[in-house]
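Peer 1: Predicted model, plus sequence, below.
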Amino acid sequence: MSKRTSTRATHATHAICTQISPLRAVCRLLAVVVLCSAALASPSAYAADIPTFTFRGTGWGHGLGMSQDGALQMAREGKTTDEILNHYFTGIEIEKKTTSPRVLVNLDANKATRSTWTIAPGYATGYPSTSNPGDTLTVEWKVDTATQTTEYADSAGPFTFGVNGDGNITVTSAKTGTKLATFPVTALNIRPKAVDPGADLLCVVDTSGPYGTAYARYQGYLQLKVVSGKLRLVNSVGMEHYLDSVVAAEIGKGTTATRAAQGAQAICAASFVYPKASKGTIVSCTTSDQVYKGHSYFAGATKRASNSATSLLGSVANAAVKEQLHRYVTYKDAVVAAYFCACNGDATANSEDVWGSKLGYLRSVADPYCAKSHTGHAWTVVQTGMQVAATLKAKGASVPTGAGSSVYVSDLNPTRGTGGWVKQLEICWSNGSKTTIKLADNVRIKLGLKAANFAVTNSNEPTGATSDTTPAETTTTPAVTKRTYQENNALVKRARGSWKRVSHKSFSAKKAYRSRTRNAKITLRFTGTAIAWYGQTSPGAGRAKVYIDGKYKKTVNLKSAKTKRVVKLYSVSKLSAKKTHRFSIVVTTKKNSRKYGYVYLDKVVVTAGKLVK
């Protein structure tokens, strides 16, 4: 009941009480007190209904192609550049070309344009002095088909380029404010003394690059073009120098131990940019394409005057780039975009689950390396249903009116693709409506999570147990109830003994118990007519004996050629529904084995009954 309704009820009761006996008036008043109490209690009752969602995931990024953290770990373990790439990409070849195209990079992070850009020589050989006149800028433009040039010594610089009322480019001395020239063109090039290959640099005094760095230095040459009355600044750079910057920025400058990973990143980055570079398409300097910071930067005008610059490159990364230069990832004889992200979790995704298109070289593969590479592999996010609703609204998802204020998310139902990635998410709202987010990358972005490789729990659902109904063979037979108990169920935890918990994305609840201690035992008590045990098989797995009600039934061998998870290892049916049963798993092995293989318990499924203490 709203407060307004409560007020109306109070006035009505007062009118009645003036016409009836005192006793009846007291009864009416008590009724109003009850109604008002209910109205005041309703907000807290409403809040109690809002669930809390716990997202437990691994990875960071879209989940396609090479994991940078995984590549670093593979390099530390002695894998080569080609081994890294062939692990993450399916059916590829590494092809070496004779040359590579130049790359055009928009140096404004937002791909916007500005009214002016201030540019100066980069002083690769020292700041100008009496004995060293320093670098010069060569401004180059075309009139018809003829190329015109003008040189500007830095003694008059830095130089501010702008646009006049006629849409032509002007240049002014930033030192004196004197206009030096007006060029009768809408596009021109600015070159240092020498173009790639070479050590000469250009310095962009204004903030530029992916993170808005002032006094950044770039190799190659700069292009200015009038776009809608403003100036767009583009760096035309050779592939090698482009990769020098991208590799150091994307995966790190590297060490001797990780050089193979820097090499793999170089090939991925070259392959990613190759289709655009070949067509002369301008790319971004941000993660929307690849992070390109340039060569180095001065920490202000004073540092520029002393030629004290901070390098953005690394010797290991540069050496890896040079070693892998002109090598590209190809699939069916064509260079392909070799996607990469920070971390894929425990498995990469299929391309159709992430972006909708099926690409043969982007197939899901296990990634056991990413978890070993860093401590931030796994992450947890906890939000109320109202907070999830507000996030979805802020991220542009389809939401009902009132989402995040009066309408909250009541449940989330994920559909998983290969590798555990959530390729579709059904969202249930407190007003009874439902919406759906399709494709894993959309799920990640709209929820504001690091990756779409996650499990989610709802505080309004029972912990560790879910129910489903299996239809009977005929419509005349009653449905049979099955209950699933995962490793986080209290009764399973209680029975685990010396068994240890381990994590993996592909386990049904992202975790399981395992042991390789001889005679390690788990005993679960249950009622019902059947029980099934699910776990992991692998090349190094062990064996376990199974007992029902204290009687030996079978020795289960968990060894297999490939690792498989959530495998039904043993089941028994036709048990008495009138008694409590005991299901035991005991780790065992051959007497002459040097060590015992692991035995896993992921979950158990009980039919027509439940686990009991």
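Peer 2: Received the coordinates, thanks.
Peer 1: Residue 91 - how many residues pack around it?
Peer 2: The tally of other residues near residue 91 (other CB atoms under 10 Å) stands at 10. Heads up, the C-betas are built off the backbone N, CA and C, glycines and all.
Peer 1: again with residue 138
Peer 2: Counted with other CB under 10 Å, the neighbours of residue 138 add up to 17.
Peer 1: Name the surrounding residues that touch whatever helix or strand it lives in.
Peer 2: Taking DSSP states H and E as the definition, residue 138 sits inside strand 136-143. For strand 136-143, the external contacting residues (CB atoms under 8 Å, 6 or more residues apart in numbering) are 119-121, 147-154, 157, 159, 171, 181, 183-185, 187-193, 202.
Peer 1: Could I get the buried residue list for the helix or strand following that strand?
Peer 2: Scanning forward in sequence from strand 136-143 by DSSP H and E, the next helix or strand is strand 146-153. Neighbour-count burial for strand 146-153, counted by 16 or more other CB atoms under 10 Å, picks out residue 152.
Peer 1: Mind listing the strands strand 146-153 pairs with, and their directions?
Peer 2: Its sheet considered, strand 146-153 pairs with strand 136-143 (antiparallel) by DSSP bridges.
Peer 1: Just confirm residue 73 contacts residue 367, I think it does.
Peer 2: No - Residue 73 is beyond contact range of residue 367, at 9.5 Å (criterion: CB atoms under 8 Å).
Peer 1: quick revisit: if any of the contacts of strand 136-143 are buried, put those into a ChimeraX selection.
Peer 2: Filtering these down to the buried ones (16+ other CB under 10 Å) takes a single ChimeraX command:
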select :119,120,121,152,154,157,159,171,183,185,187,188,189,190,191,192,193,202
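Peer 1: so where's the stretch 451-600 of the chain shaky on pLDDT?
Peer 2: For the stretch 451-600 of the chain, applying pLDDT under 70 flags the ranges 462-481, 495-497, 589-596.
Peer 1: Start from the N-terminal end of it and give the helices.
Peer 2: Under the criterion DSSP state H, counting those that start in this stretch, helices of the stretch 451-600 of the chain are mapped to 490-495.
Peer 1: give me the number of residues near residue 178?
Peer 2: 9.
Peer 1: what ranges do the helices span in the stretch 151-300 of the chain?
Peer 2: Taking DSSP H, counting those that start in this stretch as the test, the helices found in the stretch 151-300 of the chain are 239-250, 259-279.
Peer 1: can you pull the alpha-carbon coordinates of the longest one into PDB?
Peer 2: The one in question is helix 259-279. Provided in PDB are the C-alpha atoms of helix 259-279 (Å, rounded to 0.1, in the frame of the first residue of the first chain):
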ATOM      1  CA  ARG A 259      60.900 -13.200 -26.600                       C
ATOM      2  CA  ALA A 260      58.900 -15.900 -28.400                       C
ATOM      3  CA  ALA A 261      55.700 -14.200 -27.100                       C
ATOM      4  CA  GLN A 262      56.900 -10.800 -28.400                       C
ATOM      5  CA  GLY A 263      57.500 -12.500 -31.800                       C
ATOM      6  CA  ALA A 264      54.000 -14.000 -31.700                       C
ATOM      7  CA  GLN A 265      52.500 -10.600 -30.900                       C
ATOM      8  CA  ALA A 266      54.400  -9.100 -33.800                       C
ATOM      9  CA  ILE A 267      53.000 -11.600 -36.300                       C
ATOM     10  CA  CYS A 268      49.500 -11.200 -34.800                       C
ATOM     11  CA  ALA A 269      49.700  -7.400 -35.000                       C
ATOM     12  CA  ALA A 270      51.100  -7.400 -38.500                       C
ATOM     13  CA  SER A 271      48.400  -9.800 -39.700                       C
ATOM     14  CA  PHE A 272      45.700  -7.800 -38.000                       C
ATOM     15  CA  VAL A 273      46.600  -4.500 -39.700                       C
ATOM     16  CA  TYR A 274      47.700  -6.000 -43.000                       C
ATOM     17  CA  PRO A 275      44.300  -5.900 -44.800                       C
ATOM     18  CA  LYS A 276      43.700  -2.300 -43.900                       C
ATOM     19  CA  ALA A 277      47.300  -1.200 -44.500                       C
ATOM     20  CA  SER A 278      47.200  -2.800 -48.000                       C
ATOM     21  CA  LYS A 279      44.200  -0.700 -48.900                       C
END
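Peer 1: who does residue 482 bridge with?
Peer 2: With DSSP bridges as the rule, residue 482 is bridged to residue 468, residue 607.
Peer 1: That one is in contact with residue 606, isn't it?
Peer 2: Yes - judged on CB under 8 Å, residue 482 makes contact with residue 606 at a distance of 6.9 Å.
Peer 1: Tell me the confidence at residue 395?
Peer 2: Per-residue pLDDT puts residue 395 at 96.
Peer 1: And it, how far from residue 443?
Peer 2: Residue 395 sits 11 Å away from residue 443, taking CB to CB, to the nearest Å as the criterion.
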